[in-house]
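Enquirer: Sequence unavailable; structure follows:
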């Protein structure tokens, strides 16, 4: 297992470099550059040229990439082109809120999806099953921003129960309770979206298992239906679901961009939007780097968890 | 047994990970609170018996301020809001374009070439250090250094090159003469209109504290820690907290050299436009800001119905303008036809609910140099068709209309314009892009027409630089010797009446040529909570009397 992890990590290095190179090239292919934002008939072109020179935008692309890579190996991600704050600091401030939002939403999503999917499978073709699959279909098909705006209007503005945006009350204490209040709406919206997709997987996977012979054996041995379903069947049904959940983590991080916009959640999503619109290359590279790390690590993590849950799988 | 441990292990691991990220978050908040003891004290006060006395104002803004750097604003209007709260300049400007003295006691000139500035003797930085001419000299030399990026446009000062910088290797500015700690003189290359001096030097130059930044390396100035946390500034408010893309928090400067502000804390909160309206309704923000905290005019009726706010309209602002690529549309009859084809009254009445004004030129109607005698091109599709016929317009020719995304009203107006053009027989290919892409396309001349809004300039000559023929990458690629001559004359003229004459004539020529055409000047909505006693968002000079602002406490 140890060897396996080391080997996977080593393979990750060239993959990782490839990702950064591709990102860099694609980013630079987009029309416009950071200096274009400042174009104004009253700013002499010469000044903009000086700025381009200072930012290193006049260097050939490969030099720009090598410079960035050099900085990266020295542990520096450079400075944002718009705010001149260190990129590591910008991302550092945003990664916590995004992880918090994504993790809480994943948890809520799974907590809804697993029981609903299991019940739906056990009571296959009953009215309850139809209601549940119908609801899951709704959860998947309603766009999260729409759901978000609906919640803001209803819960935030009409009922005034919860704050409509941000992560804490400005000028407030920033206490855990305060953050929790601000989390409820975005987490519910993202959780519902995640659950909507997962319910169908859990249901299908569970149905698959429920027809297996070994469950008949278990029942024949006199085990209660509850134990048969929740211990013998669920455990095996979970195996494929883990893969899907693993693959979902990067999607949740990316998908929260919209939710972060709607609820003004101070996460990576907002930073990404701002960086794209201002062609802030160093910040975008930093964000891409984080995204690549997350994807590579979650893949590894999924494989490891897989082997824990299913002892038949051995990595060597 | 073993398998149960595995499953439990998995669950514990998941929960642990979730808590880990949750904990790291709360930790971050705590660190901030302890790093700034003053702020923590404020929280404690706010929750105890002192809560009544604390005055906090929340201002909503739509675009995020990108920087707090007072000498390099990156062209970001949103950044000006916090920067102007933190810094005073020599003069402030009011919404009627009047100048009021701030750090300057007086600015005097006999010959319009040597300007003598007297500083207020009691002006001091928020750490108590006096503000003197040494700070002025330090700021100018540093900001105008060849390797320093700054948004100052001071190319008229003697000793600076054509792009308004010191030549490489030079550190002294010959046009600056320090007389004593509160008096200095600026000498310009040629006599200039005091209006230009007041706007570009008096209002737009902010200062840096020499005692804090004296050892800063000019070549790495922009990444200096100070600009991330400008603790020592000279405005009515001082820096408290800045979460990029989220909010800027400022607290009152108890050592302010004018009346100490009445409101203790101001938050500038960043919101998408839809949330801005929602938060005005819930009272989470008490005021929008101009020009980057626009309440969408489409929400006018809705906002008017809110019980907790007062809604007024500012005077008509800078217009959204159509810029023609005159290389591709060289016949002025075609451009005039387009002007006649546009149903601007419909846009103003239907789309902007009457909260806008129609003018043809780019200078706002409230501007002192606006030519009132120019009659607008009316909506007259028949005349448009006639002109197109005279110009032998090829009905198969498609024109490319590049529209920037982001301003919904402007996008909708552009859609109406497209319909208008098609109904007089001009085919239009609409392309929508974000701003950097648009600039890239426009610089390459890929457009026939495009639409955007220019900034407001008190100094009138700045409106005309666009029409000069010497810029190959200009949006309009306009070439007209008479216009060039008038622009030059206008820039050099320092007698006000003569300047008015020149600019009136220039505006007439440009009106006839239609190189650009204003579509509508929006009367931006000013939405202010009823518990704000003094204070209002303005098109110009919003924060010029912010120390007098006040709100009711409950």
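Expert: In hand now; what should we look at? None of the values given here were measured: they were computed from a predicted structure. Residues are numbered from 1 along each chain as shown, chains lettered A, B, ... in the order given.

Enquirer: So what's the residue count around residue A:304?
Expert: As a burial measure, residue A:304 scores 16 neighbours (other Cβ atoms under 10 Å in any protein chain shown). For glycine as for every other residue, the C-beta is placed from the backbone atoms N, C-alpha and C.

Enquirer: Tell me which residues touch it, please.
Expert: A:1, A:5 (Cβ atoms under 8 Å, 6 or more residues apart in numbering or on different chains).

Enquirer: which SSE is it in?
Expert: helix A:281-309 (DSSP states H and E).

Enquirer: Checking the residue of the stretch 1-150 of chain A found nearest chain B next. Helix, strand or coil?
Expert: With Cβ to the nearest Cβ, the shortest gap between the stretch 1-150 of chain A and chain B falls at residue A:32, namely 2.8 Å. Put simply, residue A:32 is coil when judged by DSSP: H, G, I helix; E, B strand; the rest coil.

Enquirer: Look up phi and psi at it.
Expert: Backbone torsions of residue A:32, given as degrees, to the nearest 10, read phi 90, psi 150.

Enquirer: Let me know whether it touches residue B:439 as I believe.
Expert: Yes: the pair residue A:32 / residue B:439 is scored as a contact, 6.0 Å apart, by Cβ atoms under 8 Å.

Enquirer: Tell me which of those two has more neighbours.
Expert: Just comparing residue A:32 and residue B:439: by other Cβ under 10 Å the higher neighbour count belongs to residue B:439, 25 against 21.

Enquirer: In terms of helices and strands, where is the more buried one?
Expert: Here residue B:439 is assigned to helix B:435-443, by DSSP H and E.

Enquirer: any idea of the mean pLDDT for the next helix or strand after that helix?
Expert: Counting by DSSP H and E, the next helix or strand C-terminal to helix B:435-443 is strand B:449-453. Averaged across strand B:449-453, the pLDDT comes to 93.

Enquirer: what comes into contact with strand B:449-453?
Expert: Residues contacting strand B:449-453 (Cβ under 8 Å, 6+ apart): B:318-325, B:329, B:338, B:399-404, B:407, B:410, B:413-414, B:417, B:438, B:442, B:475, B:519.

Enquirer: Give the residue spans of chain B that score low on pLDDT.
Expert: B:1-53, B:554 (pLDDT under 70).

Enquirer: coming back round to it: need the contact list for the residue of the stretch 1-150 of chain A closest to chain B.
Expert: A:279, B:434, B:435, B:436, B:437, B:438, B:439, B:440.

Enquirer: rewinding a little: run through the contacts of strand B:449-453 and flag the ones next to chain A.
Expert: By Cβ under 8 Å from any Cβ of the partner chain, the members of the contacts of strand B:449-453 lying near chain A are B:438, B:475.

Enquirer: Out of the contacts of strand B:449-453, which sit inside strands?
Expert: B:320, B:321, B:322, B:323, B:324, B:399, B:400, B:401, B:402, B:403, B:404, B:519 (DSSP state E).

Enquirer: Tell me how far the one helix or strand residue A:182 maps to lies from the chain's centre.
Expert: Assessed by DSSP H and E, residue A:182 sits inside helix A:176-210. With Cα atoms, centre = their mean, to the nearest Å as the basis, helix A:176-210 stands 13 Å off its chain's centre.

Enquirer: helix or strand right after that helix?
Expert: Taking DSSP H and E, what comes next after helix A:176-210 is helix A:213-220.

Enquirer: hang on, the earlier thing: between all of the contacts of residue A:32, which two are separated the most?
Expert: A:279 and B:438 (12.3 Å; Cβ to Cβ).

Enquirer: so what's residue 149 up against?
Expert: Answering for chain A, as no chain was given. Contact analysis of residue A:149 by Cβ under 8 Å, 6+ apart lists A:262, B:274.

Enquirer: wrong one, I was asking about chain B
Expert: Counted by Cβ under 8 Å, 6+ apart, residue B:149 has contacts A:50, A:51, A:54, B:72, B:221, B:222.

Enquirer: Done for today, thanks.
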